[in-house]
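J.: A predicted structure for the sequence below; I have some questions about it.
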Amino acid sequence: MSVVAPVLAQWMARQRWYQAKGAEPALRIVGTLDGGTPGVRVATFLLLDEAAAEPLLYQVPVAFRAQPLPEAQSALIGEVDGRYLYDAPHDPAYVDLLLRTISEGGRLEGADASATGHPSADPGTAVSSHVFSGEQSNTSIVVEVDGGPVPQVIVKLFRLVHHGENPDVTLQTGISAAGSDRVPRSFGVLTGSWPDPGRADGVAVGHLAAVQEFLPGSEDAWRVALRAAASGEDFTGRAAELGEAVAEVHETLADVFPTVPTTPADIADAVALMRSRLAMAANEVPALLEHREEIDAVYERATRAEWPAQQRVHGDLHLGQVLWTDARGWVIIDFEGEPLRPMSERSRPDIALRDVAGMLRSFDYVAGSLGQDGSSDASVASAWAAAGRDAFITGYGRRSGVDLASHQVVLDAFELDKAVYETLYEARNRPAWLGIPLAAVARLVTPNAG
Ligand SMILES: Nc1ncnc2c1ncn2[C@@H]1O[C@H](COP(=O)(O)OP(=O)(O)O)[C@@H](O)[C@H]1O
Ligand SMILES: O=P(O)(O)O[C@H]1O[C@H](CO)[C@@H](O[C@H]2O[C@H](CO)[C@@H](O)[C@H](O)[C@H]2O)[C@H](O)[C@H]1O
């Protein structure tokens, strides 16, 4: 590892999933999982990066080859001691190993770490694979399979790993196991364990990868909606169906996972979180300070309203998290929750209105993004978004039986909280888009502006 570490550090710093952007990774190996086929050694390094204020644990599988692998040229990490090191998701030997370990309930052992596959259905055998180019925070591999119930599966490899459940795995798997086709079908999970001196038993156990059905020919709702809005196409039918699909997923989540009544202490906690998020965002986006008192008034009103019971929710629902398929309609993915929120918070029961608010914000984003690139008349785009929002609410209410109007005060607070979160997200990731959530904050604090 000592000779490999500097090569990995240089390469990691350039990857999209590397969090401490601009910093040089300060890596310490916490565990290694070994595997491979004759001639190709695969080592999955669990690397603690101490470059950022809060150390983060990364999963970095590396394939060591004696000869170059021309088809994976762009995935070459470097050459060490005459061996060629590749980002393993691009190497068929690793993909085969990973899929087999999960589907056969196999085990990977190594220095200080191990991993176990937990199959839920047999996906068949890998024939060919490619890394999904749309990846963001994780790495997804699309695999053509033979002998399974679907032609392709997608293996999602979590780059950041932590002790405890990853809601993306738990929720997606739970909904799929309940027989719902509103999420892709689950095929299995890889769970790892590694040393963690911060824990009483000294061991951490967490999700490393998950396999699910790949939906070929699907398109995410953000792109579908953007095209419809740009061409002035009526989207209200699809928006209402989307509302119904979200309500259906909420219903399944409430059936499969525990629900809890919302107590006054829960309300106080939820509002305190909104306030602390505002304070954190205002540090980086001072323009929020202009509205500080009005925002606080919206949150204060919510403390006096009635809140629905809590249940597991998606947690970061927006149009980009929904896929349109001709065969199944809307299918929801990526239950990992908001990336800027601590994992412990994302794994608790929450108010389902948080997801409704997230989707309402997304319709506004469609109008905002068209408005800012000048490709659409601002008033036409915002009328399109308003119609989409209304239809979504109607569809959600129709399926869930919940009268959202009777929860308006709480829904307003969640929508404002989401817009505040978005200002921080945009300031950090896409400063050119910051105007969209900032305009929303100004609008949402104006009484009766919706
Ligand atoms: N089961 C699937 N079928 C088809 N495409 C998928 C599937 N899962 C994810 N995708 C595609 O991969 C993209 C990223 O997936 P996502 O789970 O959101 O990963 P990340 O957590 O890295 O953002 C999605 O926007 C979608 O286009
Ligand atoms: O998809 P992720 O889990 O990575 O979510 C993060 O990134 C999203 C952007 O990709 C961001 O969503 C915001 O922008 C969307 C348009 O690109 C818009 O539809 C959403 O409504 C808006 O919140 C999301 O907030 C962030 O957590």
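T.: Perfect, thanks for sending it. Ligands and ions are numbered 1, 2, ... in the order given.

J.: And ligand 1, is stretch 211-229 touching that?
T.: Yes: for stretch 211-229, a contact with ligand 1 is found by C-beta under 6 Å from any ligand atom, at 212-215, 218, 220. Bear in mind the C-beta positions are built from the backbone N, C-alpha and C, glycine included.

J.: ok, and for that stretch, which residues are buried?
T.: 211-215, 218, 220-222, 224-226, 228-229 (16 or more other C-beta atoms under 10 Å).

J.: mind listing which of the residues you listed are in strands?
T.: Here DSSP state E is the test, and the buried residues of stretch 211-229 give 211-213, 220 as lying in strands.

J.: Using a markdown table, lay out those residues together with pLDDT and distance to residue 16.
T.: Shown next, in a markdown table, are those (pLDDT from 0 to 100; distance: C-beta to C-beta, whole Å):
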| residue | pLDDT | distance to residue 16 |
| --- | --- | --- |
| 211 | 98 | 22 |
| 212 | 97 | 21 |
| 213 | 97 | 25 |
| 220 | 96 | 18 |
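
J.: Out of these, flag the one nearest to ligand 2.
T.: residue 220 (9.6 Å; C-beta to the nearest ligand atom).

J.: tell me the contacts of the closest one?
T.: With contact taken as C-beta atoms under 8 Å, 6 or more residues apart in numbering, residue 220 is in contact with 319-324.

J.: Next: residue 259.
T.: 309-311, 349.

J.: Quick check: the farthest pair among the residues you listed?
T.: Using C-beta to C-beta, the contacts of residue 259 span at most 8.4 Å, a distance reached by 309 and 349.

J.: Which of these two has more residues huddled nearby?
T.: The neighbour count for residue 309 versus residue 349, taken as other C-beta atoms under 10 Å, is higher for residue 349 (18 against 13).

J.: Not counting its neighbours along the chain, what's nearest the more buried one?
T.: Take residue 349 and drop its neighbours on the chain: the residue closest to it by C-beta to C-beta, 6 or more residues apart in numbering is residue 310, 3.9 Å away.

J.: Let me know how buried the one you found is, in neighbour terms.
T.: When neighbours are counted by other C-beta under 10 Å, residue 310 comes out with 21.

J.: Spell out which parts of the stretch 351-450 of the chain neighbour ligand 2.
T.: 361-362, 365, 422, 425.

J.: Likewise for the chain?
T.: Counting by C-beta under 6 Å from any ligand atom, the chain sits next to ligand 2 at 136-137, 222, 316, 318-320, 334, 338-339, 361-362, 365, 422, 425.

J.: Whichever of those residues end up buried, select them in PyMOL.
T.: Buried members of the residues of the chain next to ligand 2, defined by 16+ other C-beta under 10 Å, are picked up in PyMOL with:
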select buried, resi 222+316+318+319+320+334+338+361+362+365+422+425
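
J.: quick one: which of the residues of the chain next to ligand 2 sit in strands?
T.: Going by DSSP E, the strands hold none of these.

J.: wait, which of the residues of the chain next to ligand 2 is closest to residue 195?
T.: residue 137 (24.8 Å).

J.: That closest one reaches residue 339, doesn't it?
T.: Yes: in this structure, residue 137 is within contact of residue 339 by C-beta atoms under 8 Å, at 6.0 Å.

J.: Below-threshold pLDDT in the stretch 51-200 of the chain: ranges please.
T.: Low-confidence segments of the stretch 51-200 of the chain (pLDDT under 70): 134-135.

J.: could you pull out the helices for it?
T.: 92-103, 167-177 (DSSP state H, counting those that start in this stretch).

J.: ok, now the stretch 301-450 of the chain?
T.: Under DSSP H, counting those that start in this stretch, the stretch 301-450 of the chain gives helices at 343-346, 353-372, 378-400, 408-429, 435-444.

J.: hey, which of those is tucked in deepest?
T.: Counting by mean count of other C-beta atoms under 10 Å, helix 353-372 has the highest mean neighbour count of the helices of the stretch 301-450 of the chain, with a mean of 24.

J.: Now do the same for that helix: mean pLDDT, whole number.
T.: Averaging pLDDT along helix 353-372 yields 96.

J.: chain center to it: distance?
T.: Relative to its chain's centre, helix 353-372 lies at 17 Å (C-alpha atoms, centre = their mean, to the nearest Å).

J.: Pull out the CA atoms of that helix and give them to me as PDB.
T.: Taking C-alpha atoms only, helix 353-372 is exported to PDB below (Å, rounded to 0.1, in the frame of the first residue of the first chain):
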ATOM      1  CA  LEU A 353     -44.500  16.400   3.600                       C
ATOM      2  CA  ARG A 354     -40.700  16.900   3.300                       C
ATOM      3  CA  ASP A 355     -40.900  14.900   0.100                       C
ATOM      4  CA  VAL A 356     -43.900  16.800  -1.200                       C
ATOM      5  CA  ALA A 357     -42.100  20.100  -0.600                       C
ATOM      6  CA  GLY A 358     -39.000  18.800  -2.400                       C
ATOM      7  CA  MET A 359     -41.000  18.000  -5.500                       C
ATOM      8  CA  LEU A 360     -42.800  21.300  -5.400                       C
ATOM      9  CA  ARG A 361     -39.400  23.000  -5.300                       C
ATOM     10  CA  SER A 362     -38.400  21.000  -8.300                       C
ATOM     11  CA  PHE A 363     -41.200  22.300 -10.500                       C
ATOM     12  CA  ASP A 364     -40.100  25.800  -9.600                       C
ATOM     13  CA  TYR A 365     -36.500  24.900 -10.600                       C
ATOM     14  CA  VAL A 366     -37.700  23.900 -14.100                       C
ATOM     15  CA  ALA A 367     -39.200  27.400 -14.500                       C
ATOM     16  CA  GLY A 368     -36.100  29.000 -12.900                       C
ATOM     17  CA  SER A 369     -33.600  27.200 -15.100                       C
ATOM     18  CA  LEU A 370     -35.500  28.100 -18.300                       C
ATOM     19  CA  GLY A 371     -35.800  31.700 -17.100                       C
ATOM     20  CA  GLN A 372     -32.200  32.000 -16.400                       C
END
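
J.: I appreciate the help and will end here.
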